[in-house]
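Colleague: fold the following and give me the result.
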Amino acid sequence: MVSSENGKKIDLDKLFSPNSIAIVGASETRHYSQSLIANLRGHGFNDENIYPINPKYETVSEIKCWKGLDELPSVPDAVAILVGHEQVAGVIELAGDIGISAALVIADGYAEESEEGRAAQIALGAKARDSGIALLGPNTLGYLFPSSGAGMWCAGAVSNPLTYGNISVIAQSSGMLNVVVNMFGDRKVGVRSCVSIGNAELIGLPELVTYFAEDTETNVIALIVESIDRPREFVEAVSLAARNKKPVVVLKIGISERGQQNSLAHTGRLSSPNQGWQAVFERYGVCVTSDLDDFVETVTLFRGLVKIDKLVGEGSSGIGVAFATISGGETSLICDIAEQEHLPLADLSSETLASLRLSLAKSTLIGNPLDLQNSRTSRPDAFWESLKAIASDESVDVLAIRFNFSTAPTEGLKSLYKKVIELANSLNVTPLVLSRAYERLDLSWWTLFRELDTTFVLSYRNSIRALSNFNYWLSTLSKVTDIPKAIPSLPSGEPASKSVSMSLSDAQSWLVSSNLPYVPNGIAKDPTGAGELADGMGYPVVVKAVLPDMVHKSDSGGVVLGLLDRESVVQACNEIASRLSGSQGGESLHFEVQKMIDSGIEVIMGMIKDPTWGPLLMVGSGGIYAEVLRDTVWGLPPVTADGACRMLEKLRIWPLLNGARGKEQSDVEALSQVVASFSEAIVRDGDWLHSIDLNPVIVGSAGNGAFVVDVAIFREDYE
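Modeller: Residues are numbered from 1 along each chain as shown. Okay, the predicted model is just below:
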C-alpha cells in the first residue's frame with residue numbers, strides 16, 4: 001500500500017490483478033496498442049474485460065472501441081494511457097473522477113528530458129496520489145503479471161507468454177527488461193511479475209520491493225537498477241526482503257563514470273558511484289550479477305534452490321554441491337571455475353569414494369566432480385550405481401549434472417534425464433541440469449525440464465557463479481538487518497565541489513574526541529624544536545612534513561623513518577625543508593615528530609560522502625601501496641566491532657592479520673574496535689565531513705593495539 005496525503009490508500013493489487021482494463025489511445029495501427037492487446041490476450045486476459053478508448057474507431061483488434069472513459073458501461077480497475085504526454089494529465093484527472101484505481105503511463109518527455117518535464121511529472125504524480133491511483137510510470141513500457149493475465153506490456157508481443165511462477169523482476173530499463181521477458185518466456189521460467197518502473201514518480205523501487213517482499217507468491221526478487229531517489233526507503237525494503245528470507249539478485253548498471261553520466265542522459269537521474277551500492281548490497285546480502293546472461297541464469301537457479309527448506313528454513317553455512325558429467329576434461333574445467341568463483345565442492349566421505357572407485361574401476365578418481373565417462377552405454381550398472389552413491393552422500397544437497405545434449409531432446413535423452421532426476425529426488429537431493437556453454441539448443445529442452453520441475457542453467461561459468469552467489473546469500477541470513485542511521489531519506493545531490501583540509505592539530509583533536517588512538521607525537525616549528533621533541537619522546541622516531549593540503553607526504557619526500565638521535569632528526573628536517581622549498585605554502589612548513597612503531601601491519605581507513613548514500617566507511621590494505629593494490633571494502637556506518645571484523649575478513653591481507661604461516665596474529669580485536677569507533681564518529685559528524693584518510697593505521701601483534709599514524713580530514717566547502 002502507498003498512502004496519499006489525503007489518507008487514500010493506493011492499492012497495488014488493483015494495478016497487478018485488475019478485473020478490467022481500459023486502453024486510452026488504442027489504435028489499429030500503433031505499435032504500443034497492438035503490443036498491449038496481443039500480450040493481454042497471450043496471457044489469458046478476457047476480451048470482454050478490455051475497453052479500447054479512441055473516438056476514431058468502432059473496433060480495435062476486433063474489440064468494441066469506446067469514445068471516452070466516461071462512456072464505459074462500468075468503471076475499469078486499471079487504465080493504460082498510450083497518448084502523448086500533453087494529454088496524460090487530463091486522462092489521469094478523469095480516471096480519478098470516475099474511480100479508476102490504477103494507471104499505466106507510457107508517454108515520455110518528462111523528467112528525463114527537461115526541468116519543465118520534471119515539473120509536469122511531479123504534478124502528474126501528485127494528481128494520481130490525491131485520487132488514490134496507483135500510477136506506474138511515466139516513461140515505462142509496462143508490466144506482466146501472469147497469474148492475473150495482466151499482460152500490460154507495450155514493447156512488442158511476447159512470442160512465448162510467461163509461465164506463472166515465483167520470480168518478481170523490477171527494472172529501471174524497459175529495453176533490458178524486454179530481453180529478460182522474452183528469455184523467461186522462451187525458457188518457461190516461472191514468473192510472478194516483470195515490472196518496468198520508468199520514471200517512477202509514484203511507484204518506484206521501494207514500493208515494489210516492499211510489495212514483493214511481503215507477497216507470499218514471490219520467493220526471488222530480481223532488480224535491474226541504475227539509480228535510486230529514495231535511498232532510505234529502498235534500504236528498508238531490501239532489509240524487509242532479507243528478514244523474510246527472500247534473496248535479492250541485482251544487475252547494477254551505470255557503475256563506470258561514463259555509465260553514470262549516460263544514466264542521467266536517459267533517465268534524468270544520476271547514478272551514484274559504485275562504492276555506496278557495494279556497501280548496501282554487502283550489508284543486506286544482495287547478490288550482484290555482471291550482465292544480462294549472468295542475471296537470467298542466476299535468477300533461474302535461485303528460484304530452484306530457494307525452495308530447499310532444509311537450507312533456507314533452518315539456516316545453513318552453504319550448500320553441498322556435487323557435479324556429475326561424462327568428460328574428464330570437463331571435470332577439470334569445473335574444478336578450475338569453482339576455485340575462481342569461490343564455490344567449495346562437497347567433500348565426499350571415504351565410503352562414497354571407495355564405492356565410486358570400485359564401480360568405475362578407477363583408483364585415482366577424486367569423486368567430485370564425477371567423471372562417468374561412457375559408462376552409461378558401456379557399463380550401465382556402474383553408471384547408475386555411481387550416481388546413486390554420490391547422491392546418497394550426506395554432504396551433497398545439490399546434484400548438478402551434464403550429460404549429452406542434442407539440438408532437440410531425443411526420446412532416449414528424455415528418458416535419461418527423467419530417470420536421473422527421479423533418482424536425485426528419491427534421495428532428497430535437488431537436481432540441477434547444466435550445459436557446458438551457450439550451446440545451440442531447441443526451446444523444447446526447457447519445456448522438458450519445466451515438466452520435470454528441474455532447474456536448467458546454461459554454461460558452467462554462470463551456473464557455478466550463481467551457486468557461489470547462493471552460498472553467499474545463505475551466509476547472510478543470520479546477519480543483522482538494521483537500517484544505518486546515516487542513510488539519508490533523499491539524495492543530497494552532488495557533493496561539495498571544494499573541500500578544506502583541517503590542520504593537523506585540529507585533526508588530531510578530532511581523533512581524540514572520537515576515541516581513535518594516535519601514535520605519540522609532537523609538532524615543531526623548526527628543526528631544532530623537532531630535535532628537542534625527539535629527545536623527550538625517545539628513539540627511534542619518524543619526522544613528517546606538516547603543510548596545508550599535503551596528503552601523500554611520502555610521495556613528496558616529506559617523511560623520514562628510523563631516526564636514532566637528535567642530529568639525524570635535525571638533518572632530516574633540513575633535508576625535508578630543502579625538498580619542499582618550492583611547494584605551495586612552504587613558508588609555513590612545520591615538522592611532526594612521531595614515536596616510530598617498528599612492527600605491525602599497515603591498514604587504511606577512510607570516509608567519503610556519497611551523493612546518494614551519505615557517509616561511507618572504507619577499510620583496506622594501507623601504507624604506500626593502498627592506491628596500487630586497491631584492496632578495500634566499503635560499508636555503511638556505523639558498524640559494530642563484529643561487523644568491522646567481518647569487513648576485515650574480506651580483505652586480501654586478512655590472512656596476514658590473522659597470523660598466516662605460523663606468524664603471530666595481529667591485534668584484530670583492537671583494530672575492529674578502532675574501525676567501529678571511526679564509523680560512529682563519521683556518522684556523528686557526517687553533516688560537515690567531506691572525506692577522511694587515515695593511512696596508515698598500524699596494527700601490532702595481539703594485545704599491542706592499533707594506532708593511527710597519519711591523518712588527513714577535509715571539510716565540505718560550498719563557497
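Colleague: V674 belongs to a helix?
Modeller: Yes - looking at V674 with DSSP: H, G, I helix; E, B strand; the rest coil, it is inside a helix.
Colleague: just give me the neighbour total for the nearest residue to it once chain neighbours are set aside.
Modeller: Nearest in space to V674, with sequence neighbours left out and distances taken as CB to CB, 6 or more residues apart in numbering, is A706 at 5.0 Å. For glycine as for every other residue, the C-beta is placed from the backbone atoms N, C-alpha and C. Other residues lying near A706 total 26 when counted by other CB atoms under 10 Å.
Colleague: next up, phi/psi of A706, please.
Modeller: Main-chain dihedrals, A706, degrees, to the nearest 10: phi -140, psi 140.
Colleague: kindly report the same for V24.
Modeller: The phi/psi pair for V24 (degrees, to the nearest 10) is phi -80, psi 120.
Colleague: list the contacts of it.
Modeller: I53, N54, L69, V79, A80, I81, L82, V83, V91 (CB atoms under 8 Å, 6 or more residues apart in numbering).
Colleague: try 7 Å
Modeller: Contacts for V24 (CB atoms under 7 Å, 6 or more residues apart in numbering) come out as I53, L69, V79, I81, L82, V83, V91.
Colleague: show me the contacts for the residue nearest to it when sequence neighbours are not counted.
Modeller: Spatial nearest neighbour of V24, chain neighbours left out: I53 (4.5 Å); criterion: CB to CB, 6+ apart. Residues in contact with I53, defined by CB under 7 Å, 6+ apart, are A22, I23, V24, A26, W66, G68, L69.
Colleague: wait, which of those is closest to M152?
Modeller: Minimum distance to M152 across the contacts of I53 is 9.4 Å, recorded for I23 (CB to CB).
Colleague: distance check, that closest one against Q172.
Modeller: 24 Å (CB to CB, to the nearest Å).
Colleague: comparing these two, which residue is more hemmed in?
Modeller: Remark: of I23 and Q172, I23 carries more neighbours, 29 against 26, as counted by other CB under 10 Å.
Colleague: does that one sit in a helix, a strand or a coil?
Modeller: I23 ends up strand, using three-state DSSP.
Colleague: so it sits right up against I81, yeah?
Modeller: No - judged on CB atoms under 7 Å, I23 makes no contact with I81 at a distance of 8.5 Å.
Colleague: neighbours of G703, how many?
Modeller: G703, neighbours per other CB under 10 Å, totals 10.
Colleague: do the same with D229
Modeller: 18.
Colleague: repeat for E451
Modeller: So E451, with other CB under 10 Å, has 11 neighbours.
Colleague: these two touch, right, C287 and S475?
Modeller: No - applying CB under 7 Å, one finds C287 not in contact with S475, separated by 11.1 Å.
Colleague: more crowded one of these two?
Modeller: C287 (23 against 14).
Colleague: and the more buried one, what are its bridge partners?
Modeller: Here C287 shows beta-bridge partners V249, assigned using DSSP bridges.
Colleague: model confidence for it, exactly?
Modeller: The score at C287 is 97. That number is its pLDDT.
Colleague: can you check E351 too?
Modeller: For E351, pLDDT reads 97.
Colleague: same deal with E627?
Modeller: 70.
Colleague: burial count for it?
Modeller: 12.
Colleague: and the next helix or strand past the helix or strand hosting it?
Modeller: Using DSSP states H and E, E627 falls within helix 626-629. Toward the C-terminus, helix 626-629 is succeeded by strand 632-635 as the next helix or strand (DSSP H and E).
Colleague: sheet partners, orientation included, of that next one?
Modeller: For strand 632-635, pairing defined by DSSP bridges yields strand 614-621 (antiparallel).
Colleague: who's in contact with the partner strand?
Modeller: So strand 614-621 is contacted by 275-276, 279, 486-488, 603-610, 626, 629, 631-637, 639, 647-648, 651-653, 675, 679, 682-683, 686, 689 (CB under 7 Å, 6+ apart).
Colleague: what's the ChimeraX line that selects buried ones from these?
Modeller: Only the buried members of these enter the following ChimeraX selection, criterion being 16 or more other CB atoms under 10 Å:
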select :275,276,279,486,487,488,603,604,605,606,607,608,609,610,626,631,632,633,634,635,636,637,639,647,648,651,653,675,679,682,683,686,689
